Structures are given as structure tokens and as C-alpha cells.
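Peer 1: Model the following, please.
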Amino acid sequence: MLERLNQALEHLETRLDQDIDMAEVARIAAVSEYHFRRLFSALAGMPLPLYVRRRRMTLAGAEVLAGDRTLLDIAVRYGYGSGEAFARAFRSVHGIGPGEARRTGSVLTAQPRMSFRVIVEGSTGMRYRIVEKGPFRIVGRKATVPLVHDGLNTAATAHVESLDEQTVARMKLLAGLEPEGILSASVHLTDSREEGAEVDYWVGVATRPETNAGGLDTLDVPAGTWAVFDDHGPYPRALQQLWRDVFTQWFPSNPYTSRPGPELLRTRPVETGMTTDSQLWIPVERGHRPGRR
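Peer 2: Numbering: from 1, shown residues only. Next comes the predicted model:
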């Protein structure tokens with residue numbers, strides 16, 4: 001799969017001065033556009049649109065300093081309909097406007113071309129199973145929180161602590177499907193997996209689709225395939241590492257791609273620094289085998 005991803009990035013690179021069909025880029029990678037965006041963000045540490053803008057402004061910056069084209073010509077070449085829009089994008093990357101950069105010969109910021117390769121960091125295997133699951137409903141409470149890659153997510157912790165005993169007791173009475181007991185569900189609101197990206201964070205239980213929530217928030221989840229990963233380690237560091245490894249190691253080496261849906265997590269116990277047993281559910285679909293289209 002990494003070879004396909006690099007071919008897709010090469011295709012993208014040749015189209016920085018024209019409209020880019022991201023669906024076509026994803027087809028070259030032999031995955032869905034949804035999975036391509038999510039996988040790129042996890043591997044690169046930035047959203048795909050941000051990478052494209054930085055690469056365009058890197059090339060545009062070189063042309064601005066060269067002085068062979070007018071600023072408007074450069075703006076149009078890289079897809080901007082006005083000099084003002086081009087100047088805003090240019091400033092967001094370089095910290096200076098194109099006119100001033102040309103007049104002063106300023107030092108600009110370059111975004112290098114990316115390519116992906118495998119680095120073997122250890123020999124620990126990832127324990128997982130594939131589960132076909134019918135439709136179900138998550139019943140609980142929802143809050144929007146920022147994504148945190150390392151350390152405690154204080155916003156998520158505050159949401160958990162805001163639940164009173166009566167609400168938790170009601171959830172437990174409604175629980176009846178796997179994953180059992182109180183769990184969390186994360187619904188990503190953008191393609192980005194960078195630090196600070198917003199997610200809808202649910203604390204609740206998995207129930208039958210027809211369950212009466214009785215005033216609690218509900219999230220209906222359609223039938224589908226799930227990859228289930230078991231983990232054991234200090235909370236939350238081991239879990240955050242597992243989440244990272246699923247997208248940067250497991251997906252590139254397995255014939256599955258991610259699909260839209262909540263990512264489910266069951267952890268016992270949930271106390272910072274303690275060794276916990278965690279179970280991570282990622283919605284997947286069977287894709288092309290690595291190396292094939």
C-alpha cells in the first residue's frame with residue numbers, strides 16, 4: 001500500500017498548478033477518498049488540503065522571487081482567482097505577502113515533498129479480530145472536544161466527570177450489546193487527525209437500534225465491519241500509541257480501509273498512569289490487497 005500511496009503523491013505533485021481531482025488521487029492509491037484523506041493525515045501529521053496549499057505556495061514562492069512572471073499570473077497559475085486570495089494564502093504559509101517578498105528578497109518557508117516508507121521500530125505484534133456487526137445505537141452523552149495525541153485530554157476528562165451517578169446508572173441499565181458496558185465513541189468532524197482537530201466525543205453504551213433513550217443523546221450506527229484491537233498498558237499513553245499504530249502500521253499492511261463511522265473504545269480501569277485493558281473498535285471495509293488496484 002505504501003507504494004500506491006507514493007504513486008498517488010507523485011500524481012498530486014504533477015497537478016499542483018491545476019485543479020486536483022482527489023478522487024482520482026485516491027484511486028491511484030487503490031483506496032477510497034475517505035480513507036486516503038484519513039490515512040494521509042495520520043501518516044503526515046497534517047490534513048491533505050494543508051499539505052497541498054503548502055506545496056503550492058512553496059512552488060509559487062520560488063516563482064515570486066524569480067521575478068519572471070507577474071504576481072497575478074502566478075496567482076492564476078496556482079488556482080487563485082484574485083491577487084487578494086493569493087496573497088492571503090501566500091502569507092499564511094510564508095508570513096509575508098508576495099509583493100513584499102519580491103521587493104525585499106525575503107527568506108520564505110518551503111514545504112518539502114513527502115513520501116512514505118516503513119521504519120521498523122519494534123517486533124511487538126498487534127492483536128486484532130474482524131467483527132461483522134449489525135446496526136446498533138449508542139445511548140449516552142455527547143460533547144465536542146479537541147483531539148489530543150499525547151497525554152491527558154482534559155476536555156474529554158471533564159465531560160466524563162460531568163456525568164452524574166443517575167445518568168451512568170441509566171446507561172448501564174440500557175447496555176446489552178458488544179462492546180459491553182460504558183464505552184466512548186469518537187466521531188471525527190473533519191478529515192484531519194492533527195492535534196486540536198475537533199471530534200464529537202460520546203460516553204455511553206451500545207444498545208439495540210430501537211432502544212428508547214429516555215432523554216439521553218443517541219447515535220445510530222449502521223451495520224458494518226469492525227477491526228477490534230486489544231491492548232494492555234498505562235493509560236492513556238499505551239492507548240494513544242495503539243491508535244497511532246493502527247493508522248500508520250496496521251492499515252498500510254492489511255487489506256482493509258477505514259470507512260465513515262464512530263471509533264469505539266472500552267477501557268478498564270480509566271485512571272491516569274494505571275495499567276489498563278483497552279479494546280479499540282475501528283470501522284473498516286475490505287479493500288484492495290496491498291500492491292494491487
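
Peer 1: is it fair to say Glu132 lies in a strand?
Peer 2: Yes: according to DSSP: H, G, I helix; E, B strand; the rest coil, the state of Glu132 is that of a strand.

Peer 1: Excluding chain neighbours, what is closest to it?
Peer 2: Counting by CB to CB, 6 or more residues apart in numbering, the nearest residue to Glu132 once its immediate chain neighbours are dropped is Thr225, at 5.7 Å. Using the backbone N, CA and C atoms, a C-beta is placed for each residue, glycine as well.

Peer 1: on contacts alone, who are the packing partners of the helix or strand of the chain with the lowest mean pLDDT?
Peer 2: The weakest-scoring helix or strand in the chain, judged by mean pLDDT, DSSP states H and E, is helix 237-245 (a mean of 83). Secondary-structure packing of helix 237-245 (3 or more CB pairs under 8 Å, 6 or more residues apart in numbering; DSSP states H and E): strand 224-234, strand 275-286.

Peer 1: Look at Leu141 and give its secondary structure.
Peer 2: To be clear, residue 141 is Arg; Leu isn't right here. strand.

Peer 1: roughly how far apart are it and Ala185?
Peer 2: 11 Å (CB to CB, to the nearest Å).

Peer 1: which residues are in contact with both of these two?
Peer 2: Common neighbours of Arg141 and Ala185 (criterion: CB atoms under 8 Å, 6 or more residues apart in numbering): Trp202, Gly204.

Peer 1: Give me the below-cutoff pLDDT ranges for the stretch 151-293 of the chain.
Peer 2: 269-273, 288-293 (pLDDT under 70).

Peer 1: What ranges does it have for its helices?
Peer 2: Using DSSP state H, counting those that start in this stretch, the helices found in the stretch 151-293 of the chain span residues 154-161, 165-174, 237-245.

Peer 1: okay if I get those helices as CSV plus distance to Pro255 and mean neighbour count?
Peer 2: Below are these laid out as CSV (distance: least, CB to CB, whole Å; neighbours: other CB atoms under 10 Å):
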stretch, distance to Pro255, mean neighbour count
helix 154-161, 32, 14
helix 165-174, 36, 14
helix 237-245, 17, 17
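
Peer 1: would JSON lines of these with distance to Ser82 be doable?
Peer 2: Output for the helices of the stretch 151-293 of the chain, formatted as JSON lines (distance: least, CB to CB, whole Å):
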{"stretch": "helix 154-161", "distance to Ser82": "38"}
{"stretch": "helix 165-174", "distance to Ser82": "52"}
{"stretch": "helix 237-245", "distance to Ser82": "40"}
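
Peer 1: Ile130 is nearest to which of these?
Peer 2: Evaluated with CB to CB, those place helix 237-245 nearest to Ile130, the distance being 16.8 Å.

Peer 1: Pull the residues that contact the closest one.
Peer 2: By CB under 8 Å, 6+ apart, helix 237-245 touches 42, 126, 148-151, 229, 231-233, 265, 267, 276, 278, 280.
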